[in-house]
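>>> dropping the sequence and predicted coords here.
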Amino acid sequence: MNHDPLSDPQADPHADPQDDDVNPLRHRRIRSFVTRAGRVSIGQQRALDELGPRFVVPYRPELADWSALFGRDAPRVLEIGFGMGATTAEIAAARPGDDFIGVEVHEPGVGALLKLIGEQSLGNIRILQHDAVEVLEHMIAPESLDGVHIYFPDPWHKARHHKRRLIQPKFVAQLVSRIKPGGYIHLATDWQNYAEQMLEVLSAEPALENTADGYAPRPDYRPVTKFEKRGLRLGHGVWDLIFRRK
C-alpha cells in the first residue's frame, strides 16, 4: 500500500515533524508527499539508468504534450503516489489501450516501476518523479484526463493531523478541473475514518456524482495488493470510491 502524506521538506529538521505548533509554516501550501529515505537496489538503479531516459518525464512548469510523449492518442489516467509500482504495472498490462501517467517522488519506487516496465515490455506508462500537486497544476491541461487513481494515500490517522490528508476539497476541485466530463476518480483506503472523509469530500464536490450508493465494489482492474490481502485476513476493511465527473 502506498501511504503518501503531505509534508514540507523545508521544515526544521530538529523539530518534531508531527508538531504543527513547533513549525507553523509547514502548511503554507499543500504537497502530495513526505520526504523519506530509501535505498535503491542494484536492479532499480539499472532500470533508472537504462529505462529512465525513455519513460521518466522531467518536470517542467508548462503543459506537457502527452500524445507526443506516449506516441499516440489514447485515454489517459493519472495515478498519484504509485509506491513500488506493482499495481500500476498490473493495471497498465490489463488495459493496453489506455495510457498511464504515474507520479511518485521516491526513487526506489520509480526504479521498481521502471524495472517492471522493462520486464513486462509496458509501453503505456510514463513517470514523473515530482510533487503531484505541481504536476497537476502545471503539466496537465484542463479536461484532459479520463481518470485519476489514488490508492492508499497516507491516512494521517491522528485526528489533529487530518488536515494533512491529501483528499481535501481544494485538491479535489483541482483534480476535477483536469478530468474530462464523463471521466472518473477512483480512491481506495484501508482506514475507515479516511474513507468517510473521502466520501464526504467527493460527495460535496458539485461537479462529481457517485457511481455507487456510498462505497463502490472493488473494480476488477484494481488488483489486491499483498498488504491488502494481509489486512483482509486480519479482518481489516478496504473502501473503494468511484465518482464520475458530470
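Alright, I've got the coordinates.
>>> show me where pLDDT drops low in this protein?
Applying pLDDT under 70 to the chain flags the ranges 1-37.
>>> what about the longest strand in it?
strand 179-189 (DSSP state E).
>>> take it, keep the C-alpha atoms, and write them as PDB.
Taking C-alpha atoms only, strand 179-189 is exported to PDB below (Å, rounded to 0.1, in the frame of the first residue of the first chain):
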ATOM      1  CA  ILE A 179     -10.800  15.400 -15.700                       C
ATOM      2  CA  LYS A 180     -13.000  15.300 -18.800                       C
ATOM      3  CA  PRO A 181     -16.700  15.300 -18.400                       C
ATOM      4  CA  GLY A 182     -17.600  11.600 -18.000                       C
ATOM      5  CA  GLY A 183     -14.100  10.800 -16.600                       C
ATOM      6  CA  TYR A 184     -13.700   9.200 -13.200                       C
ATOM      7  CA  ILE A 185     -11.800   9.500 -10.000                       C
ATOM      8  CA  HIS A 186     -11.000   6.200  -8.100                       C
ATOM      9  CA  LEU A 187      -9.800   6.300  -4.500                       C
ATOM     10  CA  ALA A 188      -9.100   3.400  -2.100                       C
ATOM     11  CA  THR A 189      -8.100   3.400   1.500                       C
END
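>>> not counting sequence-adjacent ones, nearest residue to the spatially most central residue of the chain?
The centroid of the chain falls nearest to residue 80 when counting by C-alpha atoms, centre = their mean (1.5 Å). Taking C-beta to C-beta, 6 or more residues apart in numbering, and ignoring the residues beside it in sequence, residue 80 has residue 132 as its nearest neighbour in space, at 4.4 Å. C-beta here means a position set from N, CA and C on the backbone, and glycine is covered the same way.
>>> wait, doesn't that neighbour sit right on residue 102?
No: applying C-beta atoms under 8 Å, one finds residue 132 not in contact with residue 102, separated by 9.9 Å.
>>> more neighbours: which of these two?
residue 102 (30 against 27; other C-beta atoms under 10 Å).
>>> helix or strand for the more buried one, just tell me which one.
strand 99-103 (DSSP states H and E).
>>> where's that strand relative to the chain centroid, distance-wise?
Here strand 99-103 is found 9 Å from its chain centre; the criterion is C-alpha atoms, centre = their mean, to the nearest Å.
>>> who's in contact with it?
Where contact means C-beta atoms under 8 Å, 6 or more residues apart in numbering, the residues beyond strand 99-103 that reach it are 32, 57, 66, 70, 72, 74-82, 85, 88, 91-92, 113, 124-128, 130, 132, 135, 140.
>>> can you give me the strands for the protein?
76-80, 99-103, 125-128, 145-151, 179-189, 208-210, 239-245.
>>> any chance of these in CSV, with distance to residue 218 too?
Shown next, in CSV, are the strands of the chain (distance: least, C-beta to C-beta, whole Å):
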stretch, distance to residue 218
strand 76-80, 16
strand 99-103, 18
strand 125-128, 22
strand 145-151, 11
strand 179-189, 8
strand 208-210, 15
strand 239-245, 5
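>>> indicate which one of these is closest to residue 157.
Residue 157 lies closest to strand 179-189 among these, at 10.8 Å (C-beta to C-beta).
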